[in-house]
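> Based on what follows, work out the 3D shape:
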Amino acid sequence: MIWRRRAVEIAEALLAAVLLAAFARTFLVQPFRIPSSSMAPALVAGDQLLVNRFVFGPTRWRWETRLLPMRLPRRGDVVVFRYPRDPRIPYVKRVVGVPGESVELRRRALFVDGAALDERGYAHHGDARDDLGSLPSDPFYGRRDDFAPVSVPAASYFVLGDNRELSADSRFWGCVPRSHLLGRAFAVYWSWRRADGTARAGPRWRRLVRLAR
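As a prediction, the model looks like this:
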């Protein structure tokens with residue numbers, strides 16, 4: 001009967017759509033919610049990201065990187081990865097050091113291979129630089145603001161949060177293996193502000209549909 005044939009066609013279309021969405025979520029694009037302020041001001045708690053799972057995918061042949069939009073992570077990429085100490089937890093940070101480079105912090109200034117890195121476009125410091133001498137003499141602050149050159153191992157990446165005083169990153173638990181990378185964050189498609197003492201809960205309309213940089 002016509003209605004039965006029509007029902008079968010609709011069911012097939014819905015099944016195809018579900019399978020396509022599942023494939024895209026698994027291999028191409030995946031949503032991710034920012035849980036903390038460690039990447040502020042570029043990304044804030046409540047931002048919903050789209051993550052490109054395809055760009056850092058492993059390749060077997062050289063032609064794959066020539067014909068497909070696939071590449072290795074670069075300095076400045078905002079990446080989502082499995083937390084090295086507990087792979088069940090996803091993290092988001094910015095790549096600042098790639099394999100073979102030497103990364104160093106001198107009074108919060110970042111040096112890569114001995115050259116100062118210009119981070120004015122994204123790095124944020126909550127404490128004034130003049131206050132460094134008055135900070136508690138605790139190993140945490142020493143590692144947060146100063147550490148000797150660290151060589152980034154092969155197939156690994158040194159990552160930092162943009163909000164440097166409020167980020168747990170490679171300064172404390174080391175580099176991220178490439179095998180832990182889930183993808184590159186490329187856009188904010190939604191943002192929701194939780195209620196606090198200064199603002200009510202609600203959408204952040206100005207943050208919708210913007211590139212993650």
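
> what secondary structure does Phe172 sit in?
With DSSP: H, G, I helix; E, B strand; the rest coil as the basis, the three-state label of Phe172 is helix.

> list the contacts for it?
Arg143 (C-beta atoms under 8 Å, 6 or more residues apart in numbering). Every residue, glycine included, has its C-beta placed from N, CA and C.

> now do Arg106
Arg106 neighbours (C-beta under 8 Å, 6+ apart): Asp146.

> and if you look at the one 4 residues further on?
Taking C-beta under 8 Å, 6+ apart as the definition of contact, the neighbours of Leu110 are Val96, Val103, Glu104, Ala116, Leu117, Glu119, Ala123, Leu160.

> And Val29, by the same measure?
Leu50, Val51, Asn52, Arg53, Phe54.

> re the thing from before, the contacts of Leu110 into JSON lines, with extra columns for distance to Ala148 and secondary structure?
Listed next are these as JSON lines, based on distance: C-beta to C-beta, whole Å; DSSP: H, G, I helix; E, B strand; the rest coil:
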{"residue": "Val96", "distance to Ala148": "16", "secondary structure": "strand"}
{"residue": "Val103", "distance to Ala148": "10", "secondary structure": "strand"}
{"residue": "Glu104", "distance to Ala148": "7", "secondary structure": "strand"}
{"residue": "Ala116", "distance to Ala148": "16", "secondary structure": "strand"}
{"residue": "Leu117", "distance to Ala148": "17", "secondary structure": "coil"}
{"residue": "Glu119", "distance to Ala148": "19", "secondary structure": "coil"}
{"residue": "Ala123", "distance to Ala148": "20", "secondary structure": "coil"}
{"residue": "Leu160", "distance to Ala148": "16", "secondary structure": "strand"}
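
> Among these, name the buried ones.
Buried members of the contacts of Leu110, scored by 16 or more other C-beta atoms under 10 Å, are Val96, Val103, Glu104, Glu119, Ala123, Leu160.

> Find the pair from those residues with maximum spatial separation.
Farthest apart among these by C-beta to C-beta are Glu104 and Ala123. That separation is 14.9 Å.

> Can you verify Arg206 is assigned to a helix?
Yes - under three-state DSSP, Arg206 falls within a helix.

> Any figure for the gap between it and Asp47?
From Arg206 across to Asp47, the span is 12 Å (C-beta to C-beta, to the nearest Å).

> wait, isn't Pro149 in contact with Ser102?
Yes - with contact defined as C-beta atoms under 8 Å, Pro149 reaches Ser102; the gap is 4.5 Å.

> which residues in the chain form strands?
Along the chain, counting by DSSP state E, strands occupy 29-33, 47-52, 78-82, 90-97, 102-106, 109-112, 115-116, 147-151, 156-160, 176-177, 181-193, 202-203, 210-211.

> now the second one, how far from the chain's geometric center?
On the basis of C-alpha atoms, centre = their mean, to the nearest Å, strand 47-52 is displaced by 9 Å from the centre of the chain it belongs to.

> Parallel or antiparallel, list what pairs with that strand.
Applying DSSP bridges to the sheet, strand 47-52 is found paired with strand 29-33 (antiparallel), strand 181-193 (antiparallel).

> what does the average pLDDT come to for it?
In this model, strand 47-52 has an average pLDDT of 92.

> Show me the shaky parts of the protein.
Along the chain, the model assigns pLDDT under 70 to residues 1-28, 58-68, 128-142, 197.
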